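Undergrad: predicted model follows, preceded by the sequence.
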Amino acid sequence: MQPSGLGESWGTEGAGQSISPDLTEDVIRNGTPTDVVRDGGTRTIYTSGSVQVITEDGGRIVATVNSFSGG
């Protein structure tokens, strides 16, 4: 959730994109969940439109928020 204009997000090129906490919460509530196991832990990826929110620890920790092209 990096405001645009603060530079590049890790692993990307170009300015960061701002994703509001309200949108993040909406994706968690209404997005399509998919569970994956990474590094011995279960992560849930919630996808809605072109936004993914990845949570850990049973949804208590937001690990990352991704905006991508496509859908």
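TA: Received the coordinates, thanks.
Undergrad: from here on, contacts and neighbour counts on C-alpha atoms
TA: Will do.
Undergrad: ok, residues contacting the worst-scoring helix or strand of the chain on mean pLDDT?
TA: When the helices and strands of the chain are compared on mean pLDDT, DSSP states H and E, strand 61-67 comes out lowest with a mean of 84. For strand 61-67, contacts defined as C-alpha atoms under 8 Å, 6 or more residues apart in numbering pick out 1, 17, 19, 24, 50-56.
Undergrad: sheet partners, orientation included, of it?
TA: Applying DSSP bridges to the sheet, strand 61-67 is found paired with strand 51-56 (antiparallel).
Undergrad: gap between the strand it pairs with and the chain center?
TA: 4 Å (C-alpha atoms, centre = their mean, to the nearest Å).
Undergrad: this protein: strands as residue ranges?
TA: Ranges of strands in the chain, per DSSP state E, are 32-38, 41-48, 51-56, 61-67.
Undergrad: make CSV out of these and add mean neighbour count.
TA: Output for the strands of the chain, formatted as CSV (neighbours: other C-alpha atoms under 10 Å):
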stretch, mean neighbour count
strand 32-38, 12
strand 41-48, 19
strand 51-56, 20
strand 61-67, 15
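Undergrad: which of those has the lowest mean pLDDT?
TA: Comparing mean pLDDT over those, the weakest stretch is strand 61-67, at a mean of 84.
Undergrad: CA-only coordinates of it in CSV, if you can.
TA: This file holds the C-alpha atoms of strand 61-67, laid out as CSV (Å, rounded to 0.1, in the frame of the first residue of the first chain):
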residue,chain,number,x,y,z
ILE,A,61,-1.5,-10.7,8.9
VAL,A,62,-1.6,-9.0,5.5
ALA,A,63,1.6,-10.1,3.9
THR,A,64,1.3,-8.1,0.7
VAL,A,65,-1.2,-6.3,-1.6
ASN,A,66,-0.6,-6.6,-5.4
SER,A,67,-2.2,-4.7,-8.2
